[in-house]
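Peer 1: Please find the sequence and the predicted model below.
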Amino acid sequence: AKSAGKRQWCHYQPSLQAGLVARHELNENLDTAIAESAFRLYYQPIVDLATGALVAFEALVRWPHDRRGMVLPDEFIALAEESGQIVPLGAWVLERAAQETAAWHAAGSAARAAVGLPPLRVNVNVSARQFRDPGFVDVVRGAIRSSGIPPQSLVLELTESVLMRRDDRVHTDMRTLGDLGVGIAIDDFGTGYSSLSYLREFPISILKIDKSFIDGLGHSQQQYALVEGITRIADTLGVQVIAEGIEHPDQRDLLAAMGCPLGQGYLFARPLTPEQARTFIEEHTLP
Ligand code: C2E
Ligand code: CA
Ligand code: CA
Ligand code: CA
């Protein structure tokens, strides 16, 4: 057993080493990128499934990199969480998304109001480490104040990993954010230690049902029943549901038929550049 362990160690060491080097390099580059605000936000539409109206955009971060091309968040968010770099990066994302939303409001809120639509909302992803940082609530307040957007136009997307640690700080901060008027969404619902009790315990306004449930809607009666059940319970509690990862018209139709109010996915649009988002707004506001 001893020699097998040794062999294994020898076998894995080179790739581990290479991983560390790549990690180190990525970390240093991340620092520079944060200092220079070298990131970009893309915006994916969230639509009303009954009418097709645009309701919100989810801000999704990208990192344009000299050699690596457009780096997707799955490649650097986890690393930034480990190192704590997610704190300044996340603050930048909040600021930037709030500024962009203020620009959308300035350009298009009157046109939306004329057809009975409320101002566009923006959904921003917040990682557990970022939420736990003592400065987080102030960063949210700052983004709202400097952009001038109504707090109701900002939605924070949290994963269950935040809510699982039911300590006093989490409860206090959630209450403060709720009192501010900011929306709070549970992201990827159904993938982790999902518990509907979160809806009772925290000021949650939105529940996002994970793509893995939406994928099976058409062929699995069980998945269908689950999504329908979650939607009904959420509705009873006054919580809005967003179905994630809708790719096919039949998924949209099933969701609309069961009364799921909102959806997001490639069927409607991929994440858009700010310029493309502005065009999308124009095309989805006027009747
Ligand atoms: P998420 O929050 O669950 O975001 C949804 C992801 O699914 C996005 O990937 C989006 O492009 C993708 N997606 C949307 N519709 C569809 C669809 O119909 N089909 C498929 N196959 N995919 C779809 P993306 O942009 O690569 O982001 C990945 C994850 O990175 C996000 O998952 C989120 O957890 C994290 N992330 C992104 N931006 C931020 C950020 O600013 N801060 C933090 N903390 N995390 C972020
Ligand atoms: Ca999200
Ligand atoms: Ca999600
Ligand atoms: Ca996800």
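Peer 2: Received, thanks. Ligands and ions are numbered 1, 2, ... in the order given.
Peer 1: dump the residue contacts of the residue nearest the centre of the chain.
Peer 2: Central residue of the chain (CA atoms, centre = their mean): residue 125, 3.7 Å from the mean position. Contacts for residue 125 (CB atoms under 8 Å, 6 or more residues apart in numbering) come out as 58, 59, 60, 61, 93, 157, 187. Just so you know, the C-beta spots here come from the backbone N, C-alpha and C atoms, and that holds for glycine as well.
Peer 1: is it in a bridge, and if so with what?
Peer 2: On the basis of DSSP bridges, residue 125 takes part in beta bridges with residue 157.
Peer 1: on that earlier part again, dump the contacts of residue 125 into JSON lines; add pLDDT as well.
Peer 2: Formatted as JSON lines, these follow (pLDDT from 0 to 100):
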{"residue": "58", "pLDDT": "98"}
{"residue": "59", "pLDDT": "98"}
{"residue": "60", "pLDDT": "98"}
{"residue": "61", "pLDDT": "97"}
{"residue": "93", "pLDDT": "98"}
{"residue": "157", "pLDDT": "98"}
{"residue": "187", "pLDDT": "95"}
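Peer 1: what residues does the stretch 1-150 of the chain put near ligand 1?
Peer 2: 44, 60, 61, 72, 73, 74, 77, 90, 93, 125, 126, 127 (CB under 6 Å from any ligand atom).
Peer 1: Among the residues you listed, which one lies nearest to ligand 3?
Peer 2: The closest of these to ligand 3 turns out to be residue 125 (CB to the ion; 8.0 Å).
Peer 1: Could I get the pLDDT score of the closest one?
Peer 2: On the pLDDT scale, residue 125 is placed at 98.
Peer 1: that older thread, okay, and which of the residues of the stretch 1-150 of the chain next to ligand 1 map to strands?
Peer 2: Judged by DSSP state E, the subset of those located in strands is 44, 60, 61, 125.
Peer 1: Excluding chain neighbours, what is closest to the first one?
Peer 2: Nearest in space to residue 44, with sequence neighbours left out and distances taken as CB to CB, 6 or more residues apart in numbering, is residue 271 at 4.3 Å.
Peer 1: Correct me if wrong: the one you found contacts residue 43.
Peer 2: Yes. Counting by CB atoms under 8 Å, residue 271 touches residue 43, with 6.5 Å between them.
Peer 1: Where does residue 131 sit, in terms of helix or strand?
Peer 2: Using DSSP states H and E, residue 131 maps to helix 128-132.
Peer 1: which SSE is residue 242 in?
Peer 2: strand 240-243.
Peer 1: Residue 30: what's it in contact with?
Peer 2: 76, 79, 80, 83, 85, 89.
Peer 1: so how far is stretch 195-202 off the chain centroid?
Peer 2: Distance of stretch 195-202 from the chain centroid (CA atoms, centre = their mean, to the nearest Å) equals 19 Å.
Peer 1: Other residues contacting it?
Peer 2: Outside stretch 195-202, the residues that touch it by CB under 8 Å, 6+ apart are 160, 163, 166, 171, 174, 178, 184, 186, 204, 207, 230, 233-234, 237, 239.
Peer 1: Nearest to residue 29, out of the residues you listed: which one, please.
Peer 2: residue 160 (30.3 Å; CB to CB).
Peer 1: Who's the closest spatial neighbour of the closest one, skipping the chain neighbours?
Peer 2: In space, and not counting its chain neighbours, residue 160 is closest to residue 192: 4.0 Å by CB to CB, 6+ apart.
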